[in-house]
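Peer 1: Below is the sequence, then the predicted model.
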Amino acid sequence: MLTILPHHFAIITTDQQQEGFKLEVYLDNNATTRVDDEVLDAMRLIYIYDYGNPNSLHRKGNDAAQHMEDSRRILAKLLGVKSKEIFFTSGATESINWVMRSVARLASEKRNKLIIGAVEHKAVLKTAHDIAKIHNLDIAILPVDEKGVYLLDELEKKLDETVLLVALMSANNEVGTLQPVEEISKLVRSKAPRAFLLVDAVQSFGKSKMDLEAWNPDFLVLSAHKFHGPKGIGLLYAREGRIPFPLITGGGQERGFRAGTQNVPGIVGMAKAAELAVKDLEKNIEKMRKFQKLIAKKVETLGGVVITPLNNSLPNTITVSFPGILGHHLLNALSLEKIYVSTHSACSSSESTSHVLEAMGIKGKIALGAIRISTSRMTTEEEISFFLETLEKVLKFLGFDR
């Protein structure tokens with residue numbers, strides 16, 4: 001029998017705490033989040049009792065299907081859309097690939113331009129370049145200003161009848177910048193009415209207000225693990241009639257557009273996590289914003305640079321830099337103290353520089369020294385206090401000279 005235990009698992013006694021037990025502080029919530037206990041409880045019931053294949057015709061299958069469709073309705077209601085416009089996938093990367101690869105098949109000589117943002121997630125950037133080669137498409141990169149906001153005048157110049165797809169995010173995963181999605185949508189609809197609009201809202205859900213009616217997208221993607229749900233499950237919102245082709249073919253699940261037995265425990269977990277994410281949203285935003293301001297104040301006091309535009313950002317995200325100290329050195333030093341941050345996107349962590357910072361015009365020592373700190377509604381004041389105290393000590397150890 002194979003038994004797997006967490007490598008760091010330990011029972012901490014009062015004596016150990018008094019001897020200087022170090023608090024573990026997770027501040028990389030834009031990469032992934034801890035699964036909420038209520039989410040785990042909901043999933044556990046499916047794994048143990050209603051584990052049938054939702055496509056089977058017997059009662060066990062029907063029960064699983066009922067849980068799945070109930071979850072679809074919950075998510076649709078939270079987003080303010082129709083249930084039949086919600087499709088379950090393995091996550092945002094799959095959803096993005098599905099949309100972009102599907103829409104690319106509609107390209108023609110007169111309609112062959114993709115507009116993608118310079119600070120998009122690599123799921124968009126790399127997929128765009130791949131389908132451009134396959135389908136002979138033109139790519140127009142939309143630049144940002146020094147705060148990471150898309151330049152609407154540049155978008156207006158690029159929009160015309162040749163545009164097939166516009167793919168932009170609602171909030172940046174590395175620096176937290178919020179994008180003017182409503183204004184972007186209005187421009188797309190007026191200047192390129194036949195173009196599809198794909199919104200990557202992965203970082204927005206549960207951290208900021210989302211208004212799909214105002215945003216008016218054709219497609220929108222979410223991943224459950226970004227808001228305290230399980231990994232390996234996401235959704236694609238596709239406005240009715242917009243999905244022209246399936247990405248995965250087979251048994252005809254998801255109304256024939258996404259084959260493969262659905263991940264019912266994950267789907268139920270995602271719905272529960274989404275409900276919890278919007279519950280007390282205002283209160284949670286206020287709490288995360290408070291932490292963001294505390295961190296910014298401390299960083300500036302220590303002689304660091306705050307990169308995130310605090311007046312137009314996700315409340316949980318703050319990217320900072322201590323010029324002269326490499327970001328990955330600071331990350332490793334903090335990790336030894338059981339404090340976990342990141343240098344930039346976890347999906348691009350092997351790359352030495354951030355394409356987001358480069359697009360914002362941030363280079364040299366500031367770019368190389370950047371780290372991202374991302375909290376969640378589960379982050380505590382004790383954790384933030386410990387982080388700030390430890391950050392100062394670690395910087396002194398690394399020889400940071402303000």
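Peer 2: Cool, the structure landed.
Peer 1: For the nearest residue to residue 136 once chain neighbours are set aside, grab the count of nearby residues.
Peer 2: Spatially, and ignoring its direct neighbours in sequence, residue 136 is nearest to residue 112 (6.9 Å; Cβ to Cβ, 6 or more residues apart in numbering). Yep, even glycine has a C-beta here, placed from its N, CA and C like the rest. Around residue 112 sit 17 other residues, with neighbours defined as other Cβ atoms under 10 Å.
Peer 1: surely residue 112 meets residue 162?
Peer 2: Yes. Between residue 112 and residue 162 there is a contact at 6.3 Å, judged by Cβ atoms under 8 Å.
Peer 1: Now for the two: what residues contact both?
Peer 2: Contact criterion Cβ atoms under 8 Å, 6 or more residues apart in numbering; residues shared by residue 112 and residue 162: residue 138.
Peer 1: so what's residue 152 up against?
Peer 2: By Cβ under 8 Å, 6+ apart, the contact set of residue 152 is 180, 183, 184, 187.
Peer 1: Now do it against residue 186, distance only.
Peer 2: Distance of residue 152 to residue 186, computed by Cβ to Cβ, to the nearest Å: 10 Å.
Peer 1: Next: residue 93.
Peer 2: Between residue 93 and residue 186 the distance is 28 Å, computed by Cβ to Cβ.
Peer 1: Name the residue in those two with the higher neighbour count.
Peer 2: Set residue 93 next to residue 186 and count neighbours by other Cβ under 10 Å: residue 93 wins out with 20 against 15.
Peer 1: hey, C-alpha coordinates of the helix or strand harbouring that one in CSV?
Peer 2: Assigned by DSSP states H and E, residue 93 belongs to helix 92-104. Coordinates of each C-alpha in helix 92-104 appear next as CSV, following Å, rounded to 0.1, in the frame of the first residue of the first chain:
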residue,chain,number,x,y,z
ALA,A,92,-8.7,28.7,-18.1
THR,A,93,-5.8,27.5,-20.3
GLU,A,94,-8.0,24.9,-22.0
SER,A,95,-10.9,27.4,-22.3
ILE,A,96,-8.7,30.0,-23.9
ASN,A,97,-7.3,27.4,-26.4
TRP,A,98,-10.8,26.2,-27.1
VAL,A,99,-12.0,29.7,-28.0
MET,A,100,-9.0,30.8,-29.9
ARG,A,101,-8.4,27.6,-31.9
SER,A,102,-12.1,27.4,-32.7
VAL,A,103,-12.5,31.0,-33.8
ALA,A,104,-9.4,30.7,-35.9
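Peer 1: Against which helices or strands is it packed?
Peer 2: Here helix 92-104 touches strand 86-89, helix 122-135, strand 163-169, strand 196-200, strand 219-223, strand 234-238, going by 3 or more Cβ pairs under 8 Å, 6 or more residues apart in numbering; DSSP states H and E.
Peer 1: which residues are in contact with the next helix or strand along the chain from the fourth one?
Peer 2: So that's strand 196-200. As assigned by DSSP H and E, the chain's next helix or strand after strand 196-200 is helix 212-215. Helix 212-215 is contacted from outside by 79, 80, 81, 170, 181, 182, 185, 199, 220, 237, using Cβ under 8 Å, 6+ apart.
Peer 1: Leaving out sequence neighbours, find the closest residue to the last one.
Peer 2: Right, the one you point to is residue 237. Leaving aside its chain neighbours, residue 237 sits nearest to residue 220 (4.2 Å; criterion: Cβ to Cβ, 6+ apart).
Peer 1: contacting residues around the one you found?
Peer 2: Going by Cβ under 8 Å, 6+ apart, residue 220 touches 79, 198, 199, 200, 201, 212, 236, 237.
Peer 1: now do 6 Å
Peer 2: Shown in contact with residue 220 (Cβ atoms under 6 Å, 6 or more residues apart in numbering): 199, 201, 237.
Peer 1: for the residues you listed, which one is nearest residue 381?
Peer 2: Closest approach to residue 381 among those (Cβ to Cβ): residue 201, at 28.7 Å.
Peer 1: Next up, the contacts around the closest one.
Peer 2: By Cβ under 6 Å, 6+ apart, residue 201 lies in contact with 170, 220, 222.
Peer 1: Make TSV out of these and add pLDDT.
Peer 2: Output for the contacts of residue 201, formatted as TSV (pLDDT from 0 to 100):
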residue	pLDDT
170	98
220	98
222	98
